[in-house]
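Participant: Coordinates for the following, if possible.
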Amino acid sequence: MDPGQAPPPRLRVILDHRMKNPDTPTSATVWNPEDELHGHLELSSTEDLHIDEIAIYFEGVSRNWIPESGVRLPRLIKAERMFLSQAHDMLPSNLSQRDPPLGSVVLEAPFHFIISRAIPCTNPDSPEQCLHLPPSLLLGDEFFDEATGKLFAQPNITYYLRATANFTINDTGAKGSQETFLPVTVAPHTEELPPTETDDFPMEFKEQETKVLRRSLLGTPLGTMKVSLQEPSALAYDTRSTHSHTTALLRLEFESASPSSNDVPKGLQGLSFTVFSLVRVKTFYSVKSFPRLPSQSLLESFGDMRLRDGIIKLETQHVRDASWGYRFNPENGGNTRKPMTSEPGGKWISNWAIPIEVNGRLLPTFCSSLVARFYTLIVRVKVAGARQEAFDFEVPFQVIHTPPGKTDSSPPPVEEIREQFLQYQRASEAFWFSEDSLVSCLRGQLETQRLINR
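Facilitator: Below is the predicted model:
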């Protein structure tokens, strides 16, 4: 700028945080769908000017990048997808002039938005969970595009207020324009969805396993044990909580191989179990719209998608002297129970509750056209007292953020804090259950993902 030239006009977005978050710094305010964003635009200039056009937008954008795969010198592939745009056009009558310092002009215009709950979508086949606003999110390696001044990540979901102003300098007739952005952190409330139809994802989940128990490698079979794990109820957070807990139901069914089962109760009481469990955090991101609901099997056929895999280790549970009940098989008539000493005519059954307690605030389960976050519960049950056997499971698992109660006025934590917790846990991925055998068991399942996520 020449020494004698006037500085260009300055455009600012000023967002009012007082009603949402009166006691917290504005940078820590987290907004929810149906919240009101209101404030004013301010255009200041050292020259007298006329506003030709002024507008403000509330926008949501995904900006992701991946390295090209299958080539020696991969190039960077990036994608930007605007999934939300709410506009507020301002009339000249909305403008007012504030008493400025001497030698300057300051024009103001108020704005008001209500954050939408849903993403506009014309595809009637889109899953319901993919039609809600996704949360603000920044993960993985970042790439700053100097040509556009935009930040891409793996993935990046960002919201902002964008204002534009076109004006004319009255003294010279020169035309000019200004544009400015103000980031806004959004954390949607979510609801628990019906249980996942696991039959639609045959390679994704494992809900039950059956094995023959023996005293030794070549010993006589003791019987057949079937272990099954149900999808647990959702891990729910309210706006104030930074930890949450729920339980999963584990069911054991034992059928004796011996026609005389007098010793079965004693044998079952001699078994002990160790239950290792963890929450698996799966973040899918893409540079093209997902052709269907993201899954691990889709990774093999859809080369524009990648998966970030995270692990949260849960408390190990040791079970001794488990409580067993006896239930007749249906063909033996009824579902009455016998005492532990009765001759068997059905199955011995034991039901356990597996605690799921997470110290930290997780993002909710969500999906959008380019980014999705899903969770699964992985469990290994090791049996001692017979030839050592292990049963492995992976079942769907939801995380939800419930709306605030009538007396709940505390602001939610800032989104970056939630993901710092996950970053810490990802560093421990190699020690899932602190046992080499478990890592070997799951290595094959994860190897395909690492090759695709290279």
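
Participant: Where do the domain boundaries of this structure fall?
Facilitator: 10-186, 198-452 (automatic domain parsing).

Participant: where among those domains is the average confidence lowest?
Facilitator: With a mean of 78, domain 198-452 has the lowest mean pLDDT of the domains of the chain.

Participant: So which bits of stretch 65-78 are buried?
Facilitator: By 16 or more other CB atoms under 10 Å, the buried positions in stretch 65-78 come out as 65-66. The way it works is simple: take the backbone N, C-alpha and C, and place the C-beta from them, glycine included.

Participant: Only C-alpha atoms, please: export that stretch in CSV.
Facilitator: What follows is stretch 65-78 as a C-alpha-only set of coordinates in CSV (Å, rounded to 0.1, in the frame of the first residue of the first chain):
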residue,chain,number,x,y,z
TRP,A,65,-7.4,-35.4,1.7
ILE,A,66,-5.8,-38.8,1.0
PRO,A,67,-2.6,-39.9,-0.8
GLU,A,68,-3.1,-41.6,-4.1
SER,A,69,-2.7,-45.4,-3.9
GLY,A,70,-1.2,-47.9,-6.2
VAL,A,71,1.5,-45.6,-7.7
ARG,A,72,5.2,-45.1,-6.9
LEU,A,73,4.9,-41.4,-6.6
PRO,A,74,1.5,-40.8,-5.0
ARG,A,75,-0.1,-37.4,-5.5
LEU,A,76,-2.3,-35.8,-2.9
ILE,A,77,-6.1,-36.0,-3.6
LYS,A,78,-8.3,-33.6,-1.8
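
Participant: What is the distance between that stretch and the centre of its chain?
Facilitator: In terms of CA atoms, centre = their mean, to the nearest Å, the centre of stretch 65-78 is found 26 Å from the chain centre.

Participant: What strand or helix carries the residue nearest the centre of the chain?
Facilitator: Centroid-nearest residue in the chain: residue 373, 3.5 Å away (criterion: CA atoms, centre = their mean). Per DSSP states H and E: residue 373 is located in strand 371-384.

Participant: Which elements pack onto that strand?
Facilitator: Contacts defined by 3 or more CB pairs under 8 Å, 6 or more residues apart in numbering; DSSP states H and E place strand 371-384 against strand 221-229, strand 243-256, strand 272-286, strand 366-367, strand 389-397, helix 436-452.

Participant: Mind exporting the C-alpha coordinates of the first one to PDB?
Facilitator: Which is strand 221-229. Below are the C-alpha coordinates for strand 221-229, written out as PDB (Å, rounded to 0.1, in the frame of the first residue of the first chain):
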ATOM      1  CA  PRO A 221     -14.400 -83.800  25.200                       C
ATOM      2  CA  LEU A 222     -16.100 -82.300  28.200                       C
ATOM      3  CA  GLY A 223     -18.800 -80.700  26.200                       C
ATOM      4  CA  THR A 224     -19.600 -77.900  23.800                       C
ATOM      5  CA  MET A 225     -19.600 -74.300  25.000                       C
ATOM      6  CA  LYS A 226     -21.400 -71.500  23.000                       C
ATOM      7  CA  VAL A 227     -20.700 -67.900  24.000                       C
ATOM      8  CA  SER A 228     -22.600 -65.000  22.600                       C
ATOM      9  CA  LEU A 229     -22.500 -61.200  23.000                       C
END
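
Participant: Mind listing the strands that strand pairs with, and their directions?
Facilitator: strand 208-214 (antiparallel), strand 243-256 (antiparallel) (DSSP bridges).

Participant: now that strand and strand 371-384, what's the angle there?
Facilitator: Angle, strand 221-229 to strand 371-384, by axes from the mean of the first three to the mean of the last three CA atoms, to 10 degrees: 160 degrees.

Participant: How about strand 221-229, which residues are buried there?
Facilitator: Buried residues in strand 221-229 (16+ other CB under 10 Å): 222-223, 225-229.

Participant: could I get the residues you listed as TSV with distance to residue 216?
Facilitator: Conversion of the buried residues of strand 221-229 to TSV gives the following (distance: CB to CB, whole Å):
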residue	distance to residue 216
222	10
223	15
225	16
226	21
227	21
228	26
229	28
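
Participant: if we take these, which one ends up nearest to residue 132?
Facilitator: Of all the buried residues of strand 221-229, residue 229 has the smallest distance to residue 132: 28.0 Å, by CB to CB.

Participant: Enumerate every residue touching the closest one.
Facilitator: Contacts for residue 229 (CB atoms under 8 Å, 6 or more residues apart in numbering) come out as 207-208, 248-251, 354, 377, 379, 393, 395.

Participant: and if you look at residue 320?
Facilitator: Residues near residue 320 by CB under 8 Å, 6+ apart: 272-273.

Participant: before we move on, the earlier item: Throw together a PyMOL command that grabs the buried residues out of the contacts of residue 229.
Facilitator: The following PyMOL line selects those of these that are buried, judged by 16+ other CB under 10 Å:
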select buried, resi 248+250+354+377+379+393+395
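
Participant: Adding distance to residue 295, write the contacts of residue 229 out as a markdown table.
Facilitator: Putting the contacts of residue 229 into a markdown table (distance: CB to CB, whole Å) gives the following:
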| residue | distance to residue 295 |
| --- | --- |
| 207 | 16 |
| 208 | 20 |
| 248 | 21 |
| 249 | 24 |
| 250 | 24 |
| 251 | 26 |
| 354 | 24 |
| 377 | 16 |
| 379 | 20 |
| 393 | 17 |
| 395 | 14 |
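
Participant: and of the contacts of residue 229, the nearest to residue 114?
Facilitator: In terms of CB to CB, no member of the contacts of residue 229 lies closer to residue 114 than residue 377, at 36.6 Å.

Participant: With adjacent residues omitted, what lies nearest to the closest one?
Facilitator: Excluding the flanking residues, the one nearest residue 377 by CB to CB, 6 or more residues apart in numbering is residue 397, at 4.4 Å.

Participant: Tell me what that neighbour is bridged to.
Facilitator: Under the criterion used (DSSP bridges), residue 397 bridges to residue 375.

Participant: close enough to count as contact, it and residue 378?
Facilitator: No - in this structure, residue 397 is not within contact of residue 378 by CB atoms under 8 Å, at 9.3 Å.

Participant: Pull up the overlap in contacts between those two.
Facilitator: Both residue 397 and residue 378 are contacted by residue 279, under the criterion CB under 8 Å, 6+ apart.

Participant: Look up how far residue 156 lies from the residue nearest to the centre of the chain.
Facilitator: To residue 156, residue 373 is 13 Å away according to CB to CB, to the nearest Å.

Participant: List the residues that are in contact with both of those two.
Facilitator: Taking CB under 8 Å, 6+ apart as the criterion, residue 373 and residue 156 both touch residue 137.

Participant: Quick check: the residue nearest to the centre of the chain touching residue 281?
Facilitator: Yes - if you go by CB under 8 Å, residue 373 and residue 281 touch, sitting 7.5 Å apart.

Participant: which non-adjacent residue is nearest residue 78?
Facilitator: Leaving out its chain neighbours, the residue that sits closest to residue 78 by CB to CB, 6+ apart is residue 65, at 4.1 Å.

Participant: Contact partners for the one you found?
Facilitator: Here residue 65 is in contact with 76-79, 143, 152-154, 287 (CB under 8 Å, 6+ apart).
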